[in-house]
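Engineer: what's the 3D shape of this:
(3 chains)
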Amino acid sequence: MKSCYIENISSISPQNTFGTEEFLDNIIERNPEIPYLSAIEPDYKLCILNAGLRRRMSHVIKMGVAVALECVKGSTVENPDAIITATGLGCLADTEKFLNSIVVNNEQLLNPTAFIQSTFNTIGAQIALILENKGYNFTYVHRGFSFETALIDAMMQLTDDEATRVLVGAIDEITPSEYEVTKRLGFWRNGAVMGEGAQFFMLSSEKTESSYAELIDVHQFQLKDNEKADDKINAFLDKHSLTMKDVDLVVLGNSGDKRLDVLFQNFKSGILANTPTAEFKHLCGEYHTAASFGVWCIANILKRQKLPFAMHPNGKVDKLERVLLYNSYQNVNHSIYLLEAI
Amino acid sequence: MEDLIKNLKVQLIEELNLEDVKPQDIDTDAPLFGDEGLGLDSIDALEIILLLEKHYGLHIGDPKEGKKIFYSIQTLADFISANKK
Amino acid sequence: MSSYVTGIGVISAIGKNVKENLEALLAKRTGISCLTLFESTHDVPVGELKLSNEELQQMLGLPITKTYSRTALLGMVAVKEALTDAGIKTNSGLRIGLISSTSAGGMDLSENFYKEMLAKPNGGRLRNVISHDCGDSTEKIADFVGIRDYVTTISTACSSSANAIMLADRMLKHNLLDVVVAGGIDPLCLFTINGFSSLMILDKELCRPFDETRAGLNLGEGAGFIVLQREDTLKDKKPYCQLAGYANENDSYHQTATSPDGDGPLRAMAGALKKAGLKPEDVDYVNVHGTGTGNNDQSEGTALKRLFGDKIPHFSSTKVYTGHTLGAAGGIEAVYSILSITQDVVFSTYNFKNPMTDIMLTPVVDTIHNAGVNVVMSNSFGFGGNVSSLVFSSLKK
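Structural biologist: Numbers count the residues shown, from 1 in each chain, chains lettered A, B, ... in the order given. Modelled structure (predicted):
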């Protein structure tokens, strides 16, 4: 599996990230009356011009489609060879709407649009419809591995010359019910904050002038038996004949959960003791595909050669050429990314 | 009939989420489906079947039956008038 | 370099393992019957596995006190069978992955949770919602069989498990894994029965794929998984066949309907053959998607004619036995396609009577033994224009 280039990026998130040249210049704090981080969204009528399709789109589909179209617009091709999407929970609002009609109307007067829109691959499908894209179209739905598998799939296709441009995106939304359920499950009890967003990347096998960064490798894993995260990081770097000394910055996916963040505290005092670090989840919130926001940040960091204060940098940064991302979802799904400046 | 046609246009806009379309924009005799007129598709046909059941208590068992009935607002209104209980 | 199929596992309305499924297919015995698993106002025939969740848990040796989604349970049965069939021990030092797929995830449990949640504040038992997401069943199955190296889940509606098999091949080829169990699962649940009912594409009788009088599909449930390996890990094992080729394309025509000229399906089938280095005339049998809906069969039939011309190979839809198992269809039908090669048999669409007047294609109606099957194509077409085709070939090819 060869490395590839991130040709273009786009994002809708709880920060000011869509349709702007800014890169986290000002942090948008959570509205204290809302217990989660909601995305700041554009006027979709201006981004999704196909009114016929747009009228059926729920919030999550609009987010994903708008970001995807924006990403394609700023890339060197009009249409990618493949579209790969990732989502942890898919189109929840449509799912709930349809479930509602089953329960409240006793299985009568069912709304077909909500059912159709609830399928997990509907975002990828609608992007394909709008772009008239007839290529490969997969959707990954495995919790905190969804985005990682999407990237690995894309990299394999680029390596095999089955594609020269792959549009990869991650999307997850919040609904009030989902927040209530996850609250009951204890997800937000210890300091983590729920988030939502959509990030898309145009990956290419060719470097262009507008490329943001080189995506060297992605590794997803669970820690089994007595396996240690440190060993996984070292093995990952070793695979590329690197050690932590060769890494200029490590971006961490700590969620704010005091219990789960012990992992990251241990990194900082151990394996990362001499390496500058930064964080991103306080900006986007925690969700299955939040690592995509971390990658969006890193792509910006490497292209702009700037590490924003908003990312809570820690330690002296000498240069920004090689950046590692370590993410964990619920300390079950772990992933490591390696990106380099071009 | 005039009231029925007026209501139908409002209901259609609401149920099909036709953003930026006002009742006065809909030509009563123009085709609802295909590239002319409102450009509705097969999913909208299912939604209209639901609309007929929800608002008028009329049941269409086979979507294929709907083709003639759903041709235009006028044909829809005629169907409702003829069959409404 | 193709990967090799070394194990298969399946559970469906026609049997809880490969042997039972094969027997039913050969006996032309459908598994479509009345819904008994749960109550629904929709009186439609379904391909229901006549085993409750409790019975499945007992079969698997799982504690009754723990709650599992039906998705996880069906998957455990099929994955365990496939791994055992392949003779793979999960502590063998090989890097083993599980690539599963589903369209419903744990909805069989979470739809009950949701009902209770709507009824009162803090309603619903949390154990019924915690397995809602698609990845839950995959992780439970991996834990059950001891797969630790890699897990992931795909969801592309009815092409899901065919796509899982494609990803498996890719990962083997790139030496990211040595063995992959790939396939998919879907349970019957209120959500999907109501969903397809709202689309008005459910037949109130046994489905009639490719028949002029067809009136829709019957929903089914089940799981189908295959074990794929690279040649260098086979050692003395004799594989069943090769995964010769595959393709996933997008029809890009409509959110749910497939294009009337069969454009997407044609590209998927042609693409799979191209990847396999084979020509249309090399295909001995096509296990069609053949759901029995007006749209699919017309579109797929048109695509078959465009691809094969006058020389349409034997084809049949096995959904008349299992129903449309949605996310599991690609996996279950991959198992049947592999059986077609190993048993040298072409299964039938036994209730077919009237060819579609605008297409005039006739599927196999009587099982063909000693059929000379070396190359089988299996189609799976899903919502969102997601069209997939797999090609399996015997070791002779």
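Engineer: where in chain B is pLDDT low?
Structural biologist: B:85 (pLDDT under 70).
Engineer: that one: helices as residue ranges?
Structural biologist: B:2-15, B:42-56, B:66-69, B:73-83 (DSSP state H).
Engineer: of all those, which lies closest to chain A?
Structural biologist: Taking C-beta to the nearest C-beta, helix B:42-56 is the member of the helices of chain B nearest to chain A, at 4.4 Å. Bear in mind the C-beta positions are built from the backbone N, C-alpha and C, glycine included.
Engineer: who are the packing partners of that closest one?
Structural biologist: Counting contacts by 3 or more C-beta pairs under 8 Å, 6 or more residues apart in numbering or on different chains; DSSP states H and E, helix B:42-56 is packed against helix A:112-117, helix B:2-15, helix B:66-69, helix B:73-83.
Engineer: send the alpha carbons of it over as PDB?
Structural biologist: Below are the C-alpha coordinates for helix B:42-56, written out as PDB (Å, rounded to 0.1, in the frame of the first residue of the first chain):
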ATOM      1  CA  SER B  42     -41.300   7.500  -8.300                       C
ATOM      2  CA  ILE B  43     -40.600   8.200  -4.600                       C
ATOM      3  CA  ASP B  44     -42.900  11.300  -4.800                       C
ATOM      4  CA  ALA B  45     -45.600   9.000  -6.300                       C
ATOM      5  CA  LEU B  46     -45.400   6.900  -3.100                       C
ATOM      6  CA  GLU B  47     -45.600  10.000  -1.000                       C
ATOM      7  CA  ILE B  48     -48.700  11.100  -2.900                       C
ATOM      8  CA  ILE B  49     -50.300   7.700  -2.300                       C
ATOM      9  CA  LEU B  50     -49.500   8.400   1.400                       C
ATOM     10  CA  LEU B  51     -51.000  11.800   1.200                       C
ATOM     11  CA  LEU B  52     -54.300  10.500  -0.300                       C
ATOM     12  CA  GLU B  53     -54.600   8.000   2.500                       C
ATOM     13  CA  LYS B  54     -53.700  10.500   5.300                       C
ATOM     14  CA  HIS B  55     -55.700  13.400   4.100                       C
ATOM     15  CA  TYR B  56     -58.500  11.900   2.100                       C
END
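Engineer: and the angle for that helix with helix B:2-15?
Structural biologist: For helix B:42-56 against helix B:2-15, the angle by axes from the mean of the first three to the mean of the last three C-alpha atoms, to 10 degrees is 130 degrees.
Engineer: what does helix B:42-56 rub up against?
Structural biologist: Identification of contacts with helix B:42-56 by C-beta atoms under 8 Å, 6 or more residues apart in numbering or on different chains yields A:56, A:109-113, A:116, B:11-12, B:15-16, B:32-33, B:40, B:58-60, B:63, B:66, B:70, B:76, B:80, B:84, C:198-200, C:254-257.
Engineer: next, count neighbours for the residue of the stretch 1-150 of chain A found nearest chain C.
Structural biologist: Ranked by C-beta to the nearest C-beta, the top residue of the stretch 1-150 of chain A for proximity to chain C is A:Ala125, at 2.8 Å. By other C-beta atoms under 10 Å in any protein chain shown, the residues close to A:Ala125 number 32.
Engineer: buried subset of the contacts of helix B:42-56, written for PyMOL?
Structural biologist: Applying 16 or more other C-beta atoms under 10 Å in any protein chain shown to those, the buried members can be selected in PyMOL as follows:
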select buried, (chain A and resi 56+110+111+112+113+116) or (chain B and resi 11+12+15+16+32+33+40+58+60+63+66+70+76+80) or (chain C and resi 198+199+200+254+255+256+257)
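Engineer: returning to that earlier point: tell me the most buried of the helices and strands packed on helix B:42-56?
Structural biologist: Each of those was scored by mean neighbour count; the highest is helix A:112-117, a mean of 24, by mean count of other C-beta atoms under 10 Å in any protein chain shown.
Engineer: that helix close to chain B?
Structural biologist: Yes - for a cut-off given as C-beta under 8 Å from any C-beta of the partner chain, helix A:112-117 has contacts with chain B, namely A:Pro112, A:Thr113, A:Ile116.
Engineer: mind checking how far that helix is from the chain centre?
Structural biologist: Here the centre of helix A:112-117 is set off from its chain's centre by 25 Å, with C-alpha atoms, centre = their mean, to the nearest Å.
Engineer: helices or strands up against that helix?
Structural biologist: In terms of contacts (3+ C-beta pairs under 8 Å, 6+ apart), helix A:112-117 is packed against helix A:92-104, helix B:42-56, helix C:190-198.
Engineer: which one of the ones you listed lies closest to A:Asp217?
Structural biologist: Using C-beta to C-beta as the measure, helix A:92-104 is the one of the helices and strands packed on helix A:112-117 that comes nearest A:Asp217, at 31.6 Å.
Engineer: next, the angle from the closest one to helix C:190-198.
Structural biologist: Going by the same axes, to 10 degrees, helix A:92-104 makes 90 degrees with helix C:190-198.
Engineer: quick one: residues in contact with helix A:92-104.
Structural biologist: Identification of contacts with helix A:92-104 by C-beta under 8 Å, 6+ apart yields A:58-61, A:109-111, A:114-115, A:117-118, A:173, A:175, A:177-178, C:111, C:114-115, C:118, C:190-191, C:194-195.
Engineer: mind running it again at 7 Å?
Structural biologist: Applying C-beta atoms under 7 Å, 6 or more residues apart in numbering or on different chains, the external contacts of helix A:92-104 come out as A:58-60, A:109-111, A:114-115, A:117-118, A:173, A:175, A:177-178, C:111, C:114-115, C:118, C:190-191, C:194-195.
Engineer: and these, which are buried?
Structural biologist: Neighbour counting by 16+ other C-beta under 10 Å classes A:58-60, A:110-111, A:114-115, A:117-118, A:173, A:175, A:177-178, C:111, C:114-115, C:190-191, C:194-195 among these as buried.
Engineer: residues from the stretch 51-200 of chain A in reach of chain C?
Structural biologist: Contact residues (C-beta under 7 Å from any C-beta of the partner chain) of the stretch 51-200 of chain A with chain C: A:88-89, A:98-99, A:102-103, A:106-107, A:110-112, A:115-116, A:119-122, A:124-125, A:128-129, A:132-143, A:145, A:149, A:153, A:156, A:181, A:184-185.
Engineer: sitting in strands, which of the residues you listed do you find?
Structural biologist: Counting by DSSP state E, those place A:Tyr136, A:Asn137, A:Phe138, A:Thr139, A:Tyr140 in strands.
Engineer: which non-adjacent residue is nearest the third one?
Structural biologist: Going back to what we said before, that points to A:Phe138. Nearest non-adjacent residue to A:Phe138, counting by C-beta to C-beta, 6 or more residues apart in numbering or on different chains: A:Ile84, 5.1 Å away.
Engineer: show residues contacting the helix or strand encompassing the one you found.
Structural biologist: Element membership for A:Ile84 (DSSP states H and E) is strand A:82-86. Strand A:82-86 has contacts (C-beta under 7 Å, 6+ apart) with A:64, A:123-124, A:127-128, A:133, A:135-140, A:146-147, A:150, A:153-154, A:157, A:163, A:166-171, A:289.
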